[in-house]
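S.K.: task: produce atomic coordinates for the following.
(one chain, ligands or ions: 3)
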Amino acid sequence: MHIVTANEMYEIDRFAIENAGVDGTILMENAGRAIAEKVVSLVKKSEEILVLVGSGNNGGDGFVIAKTLLNQGYKPTVLQLAANEKIKGAALYHKQLFINYGGTIQQLQASDEITVFLNNTDVVIDAMLGIGITGTLRPPFDQVIKAVNEVDKLTISVDIPSGVPADEGVLDFIGIEADYTFVIEEPKMSVFLEHCTAYYGNWSVVKIGLPHQAYANQIKRNTWVEQKVRTTLPSRDAFSHKGSHGRGLIIGGSRQMPGSVAMTALASLRAGSGLITIATVKEAISSIAQQCLEATFLPLASQEGVISERQQIDISTYDAIAIGMGMGRKKDTGLLTRKIVAKAKVPVLIDADGLYHISEELSVITNRKSPTILTPHFGEMAMLLDTTIQNVIAHPFSLAESFSRKHGVYLVLKGPNTIVSDPEGNQWVNTTGNAGLAKGGSGDVLSGILLAMIMQRQKMTEALSNGCFIHGKAADNLVVKKHSEQDLLATDVIKGLASVFRTFS
Ligand SMILES: NC(=O)C1=CN([C@@H]2O[C@H](COP(=O)(O)OP(=O)(O)OC[C@H]3O[C@@H](n4cnc5c(N)ncnc54)[C@H](OP(=O)(O)O)[C@@H]3O)[C@@H](O)[C@H]2O)[C@@H](O)CC1
Ligand SMILES: Nc1ncnc2c1ncn2[C@@H]1O[C@H](COP(=O)(O)OP(=O)(O)O)[C@@H](O)[C@H]1O
Ligand SMILES: [K+]
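M.R.: Ligands and ions are numbered 1, 2, ... in the order given. Take a look at the predicted model:
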């Protein structure tokens, strides 16, 4: 699936109508019918349905839904929230059809009347506002949306929960808290914005027959779904040896934080790495070795329990490096980190404290010739950009895209909807994972999986997207069967990788 902004959606629509000759009223018919079919699967004929329609094409979809339901023996009440003269074009055409089919339309005279309508219904179909919303909500939409949210009725939104912006950048809004949203043609950006996702409830896409050529190559944002993993994840060659699957080096850990590199190493081995070496402070090795028998070690000199600057590390024999987890933020460790990142001629993944050290001198990554992968969560992204977390929450797509382009790096912006960006500005949003991953160590496990993926035969962007998918899928499988979102630990996710890889082999 592509992920679109409102403008991109309008552009696709324009192409369909002007270049492909599709009639706008047909697109509206297709949208309304497809959503009506979904409504039929959720609502019984005996239930009262209230269709709230606005003045634009979202309202037009509402008239088609009402007409289709009426035709199938439902008795929808249509409540128009705008003046008659506001309804034009395709929406007016479908309003008239609904009337011709025997439907009646009521008009909201005063905002507080909405409570009476809501009290008399079981289901609300929200066709008030779609991607055409601009500025703050005007009456009566503000009061109506609040009233709908206050009552406990099954609420089904058309395209977007009314009031929720389609795009990035708006943090403050009043929006319908939908139970279901049927998104027309392609998910809008806000489906994946963490301050908007919850408003959508259970969302899915309905196709309305727009010509694929209108946008196949133009939209640079996509979702990463199971089908993509199936077609891109390399299988293990029967004649391979450990060297074929990559020698990975993990640099990090400290006396206080030995667990992180252990988890990264274990996850990387479970995700298919051929050989893993952990470079960490001497004093942490014995505890890590007990947890990770398959790894080898490169003991590093330490100072006050953290990796010190004064040492040479031979990084020449590895296929990829992951650096940063559990290494702490001491200045000396930072100096060494930047030296290694600058020197390495293989892909380098930088995570956690490594991101802090890199943020002190971003030219180190910009100047690299081999691929660089950064895996910040939103707080670390704000640090890299020297901005606020609120700003990252408001603009994750555009900030990630411009950072990747500017520094020529691959970026894995971690969160409930992790975004992978490449240096050309292409983006993929992961579709797996749950709140059980919101726990210390989850990021270390992801880094290990990504390190393994980078060393297998796949494109870098596919390696990263597959890694994020597999990490989230392991957590999803675990909360269905063995665990809950509360008790899930990062180490459980490492063990859970088996269930995911088995389904893809
Ligand atoms: N994608 C596709 O191909 C297809 C898309 N389709 C559908 O079209 C939808 C987009 O339709 P759209 O462009 O008419 O905009 P829409 O969301 O109905 O809102 C516009 C109205 O809202 C009003 N309004 C605006 N801001 C407001 C505010 N703050 N507070 C209050 N009111 C506000 C504004 O009123 P005005 O400013 O004129 O007073 C205007 O009349 C899309 O989401 C999908 O459902 C399908 O029909 C089939 C094909
Ligand atoms: N609510 C959530 N839903 C889905 N995935 C999540 C959620 N919270 C965190 N994650 C995932 O868990 C990982 C957390 O990484 P990070 O914040 O670096 O953790 P840590 O530093 O504690 O290891 C990321 O892959 C992120 O995408
Ligand atoms: K809507």
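S.K.: if I look at whatever residue of the chain ends up closest to ligand 3, how far off is V144?
M.R.: The shortest separation between the chain and ligand 3 is 4.1 Å, found at S162 (distances taken as C-beta to the ion). Placement of C-beta: from N, CA and C, glycine included. Remark: distance between S162 and V144 (C-beta to C-beta, to the nearest Å) = 8 Å.
S.K.: what touches both of the two?
M.R.: Residues touching both S162 and V144 comprise 52, 128, with contact defined as C-beta atoms under 8 Å, 6 or more residues apart in numbering.
S.K.: returning to that earlier point: my guess is the residue of the chain closest to ligand 3 meets L129, correct?
M.R.: Yes. Using C-beta atoms under 8 Å, S162 is in contact with L129, at 4.1 Å.
S.K.: got any residues that touch both of these two?
M.R.: 54, 58, 141.
S.K.: which residue packs closest to the first one, ignoring adjacent ones?
M.R.: The spatial neighbour of G54 that comes closest, neighbours along the chain excluded (C-beta to C-beta, 6 or more residues apart in numbering), is M128 at 4.0 Å.
S.K.: what do you get for the last one?
M.R.: Distances taken as C-beta to C-beta, 6+ apart place M128 nearest to F141, at 6.0 Å, with adjacent residues excluded.
S.K.: that neighbour: neighbour count?
M.R.: When neighbours are defined as other C-beta atoms under 10 Å, M128 has 31 of them.
S.K.: any idea how far it is from S505?
M.R.: In terms of C-beta to C-beta, M128 sits 48 Å off from S505.
S.K.: likewise V480?
M.R.: Summarising the geometry, the distance separating V480 from S505, computed by C-beta to C-beta, is 20 Å.
S.K.: neighbour count: these two, which is higher?
M.R.: Neighbours of V480 and S505, each counted by other C-beta under 10 Å, are more numerous for V480; the result is 11 against 8.
S.K.: tell me the residues of the protein that contact ligand 2?
M.R.: 352, 377, 414-416, 418, 433-435, 437-438, 440-444, 446, 471-472 (C-beta under 6 Å from any ligand atom).
S.K.: buried ones among these?
M.R.: Of all the residues of the chain next to ligand 2 considered here, the ones buried according to neighbour count by 16 or more other C-beta atoms under 10 Å are 352, 377, 414-415, 418, 433-434, 437, 441-444, 446, 471-472.
S.K.: next secondary structure element downstream of the longest helix out of those in the chain?
M.R.: The residue-count maximum for a helix in the chain (DSSP state H) belongs to helix 460-480. Following the chain from helix 460-480 toward its C-terminal end, the next helix or strand by DSSP states H and E is helix 490-504.
S.K.: name the helices or strands packed onto the helix or strand hosting V392?
M.R.: Assigned by DSSP H and E, V392 belongs to helix 389-394. Using 3 or more C-beta pairs under 8 Å, 6 or more residues apart in numbering; DSSP states H and E, the elements in contact with helix 389-394 are helix 378-385.
S.K.: just the C-alpha atoms of the helix it packs on, please, in PDB.
M.R.: Taking Å, rounded to 0.1, in the frame of the first residue of the first chain, the C-alpha atoms of helix 378-385 are listed here in PDB:
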ATOM      1  CA  PHE A 378      11.800   9.600  18.700                       C
ATOM      2  CA  GLY A 379      13.800  11.000  21.600                       C
ATOM      3  CA  GLU A 380      17.100  10.100  19.900                       C
ATOM      4  CA  MET A 381      15.800  11.600  16.600                       C
ATOM      5  CA  ALA A 382      15.100  14.800  18.400                       C
ATOM      6  CA  MET A 383      18.600  14.800  19.700                       C
ATOM      7  CA  LEU A 384      20.100  14.200  16.200                       C
ATOM      8  CA  LEU A 385      18.100  17.100  14.800                       C
END
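S.K.: got a list of contacts for that helix?
M.R.: When contacts are defined by C-beta under 8 Å, 6+ apart, helix 378-385 is touched by residues 352, 355-356, 358-359, 362, 374, 376, 388-389, 391-393, 396, 399-400, 403, 413-415.
S.K.: swap in 7 Å and give it another go.
M.R.: For helix 378-385, the external contacting residues (C-beta atoms under 7 Å, 6 or more residues apart in numbering) are 355-356, 359, 376, 388-389, 391-393, 399, 403, 413, 415.
S.K.: drop anything exposed from those.
M.R.: Neighbour counting with 16+ other C-beta under 10 Å marks 355-356, 359, 376, 391-393, 399, 403, 413, 415 as buried within the contacts of helix 378-385.
S.K.: greatest separation within these: which pair is it?
M.R.: Y356 and I393 (20.1 Å; C-beta to C-beta).
S.K.: now the stretch 351-500 of the chain against ligand 2: closest residue?
M.R.: At 2.2 Å from ligand 2, G443 is the closest residue in the stretch 351-500 of the chain, using C-beta to the nearest ligand atom.
S.K.: hmm, that residue is touching D351, no?
M.R.: Yes. Under the criterion of C-beta atoms under 7 Å, G443 makes contact with D351 at 6.4 Å.
S.K.: got any residues that touch both of these two?
M.R.: Taking C-beta under 7 Å, 6+ apart as the contact rule, G443 and D351 both touch T375.
S.K.: returning to what we had before: from S268, how far out is the residue nearest to G54?
M.R.: The span separating M128 from S268 equals 49 Å under the rule C-beta to C-beta.
S.K.: repeat for D172
M.R.: According to C-beta to C-beta, D172 and S268 sit 42 Å apart.
S.K.: what's the longest strand in this protein?
M.R.: With secondary structure taken from DSSP state E, the chain has its longest strand at strand 275-281.
S.K.: for that strand, the distance to its chain's centre please.
M.R.: Shown here is strand 275-281, whose average C-alpha point lies 32 Å from the average C-alpha point of the whole chain (C-alpha atoms, centre = their mean, to the nearest Å).
S.K.: and the residue in the stretch 251-400 of the chain that ligand 1 sits nearest to, what does it touch?
M.R.: For the stretch 251-400 of the chain, the nearest residue to ligand 1 under the criterion C-beta to the nearest ligand atom is A394, separated by 18.3 Å. For A394, the set of contacting residues under the criterion of C-beta under 7 Å, 6+ apart consists of 168-169, 171.
S.K.: C468 against N430, yeah?
M.R.: Yes. Between C468 and N430 there is a contact at 4.1 Å, judged by C-beta under 7 Å.
S.K.: OK, contacts around F182?
M.R.: The neighbours of F182, taking C-beta under 7 Å, 6+ apart as the test, are 35, 38, 158, 204, 206.
S.K.: may I ask which of those residues has the most neighbours?
M.R.: Once you tally neighbours by other C-beta under 10 Å, V158 ends up highest among the contacts of F182, having 34 neighbours.
S.K.: is that residue in a bridge, and if so with what?
M.R.: F182 (DSSP bridges).
S.K.: pLDDT value on it, please?
M.R.: Reading off the confidence values, V158 has pLDDT 98.
S.K.: wait, it sits on A127?
M.R.: Yes. Taking contacts as C-beta under 7 Å, V158 lies within contact range of A127: 4.4 Å.
S.K.: find the residues that touch each one of those two.
M.R.: Applying C-beta under 7 Å, 6+ apart, one finds that V158 and A127 are jointly contacted by 58, 61-62.
S.K.: narrow these to those in helices?
M.R.: With helices defined by DSSP H, the entries of these inside them are 58, 61-62.
S.K.: ok, and which of these reach ligand 1?
M.R.: On the criterion C-beta under 6 Å from any ligand atom, 58, 61 are the entries of these that sit beside ligand 1.
S.K.: among the ones in helices among the shared contacts of V158 and A127, who's most crowded?
M.R.: Neighbour counts for those, by other C-beta under 10 Å, peak at D61, which reaches 34 neighbours.
S.K.: once you drop chain neighbours, what's closest to the residue nearest the centre of the chain?
M.R.: The centre of the chain sits closest to N417, judged by C-alpha atoms, centre = their mean, with a distance of 2.5 Å. Nearest in space to N417, with sequence neighbours left out and distances taken as C-beta to C-beta, 6+ apart, is F192 at 4.1 Å.
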